[in-house]
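Chemist: 3D, please:
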Amino acid sequence: MKAIVHVALKSGVLDPQGKAVADTLTRMGYKEVEAARIGKVIELDIDDGMSAEAVEARVKEMCEKLLANTVIESYRVEFAA
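Modeler: Take a look at the predicted model:
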């Protein structure tokens, strides 16, 4: 099983990398770009020997403890076979 974790800054948190990307794209001629936000995607290959409920709980625990800084970031998880 594969867990795909999407982590992004919460709204209202400043994103200097996103601002730099948006500013650079505008200077390159992409005037339609008003803003950009930078995030990350983490793919985890999970042992198939666990139940779906156990995998979901473990991945949530991983996100809360390491993969996302829940003070300033939000996350969502997708599962694929």
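
Chemist: name the helices or strands packed onto the helix or strand encompassing residue 53?
Modeler: According to DSSP states H and E, residue 53 maps onto helix 52-62. If contacts are counted by 3 or more C-beta pairs under 8 Å, 6 or more residues apart in numbering; DSSP states H and E, helix 52-62 sits against strand 2-9, strand 73-80. In this view, the C-beta of every residue, glycine as well, is placed from N, C-alpha and C.

Chemist: Return the distance of the last one from the chain's centre.
Modeler: Relative to the centre of its chain, strand 73-80 is centred 7 Å away, using C-alpha atoms, centre = their mean, to the nearest Å.

Chemist: and residue 40, what helix or strand is that in?
Modeler: Per DSSP H and E: strand 39-45 holds residue 40.

Chemist: So which elements touch that strand?
Modeler: Strand 39-45 packs on strand 2-9, going by 3+ C-beta pairs under 8 Å, 6+ apart.
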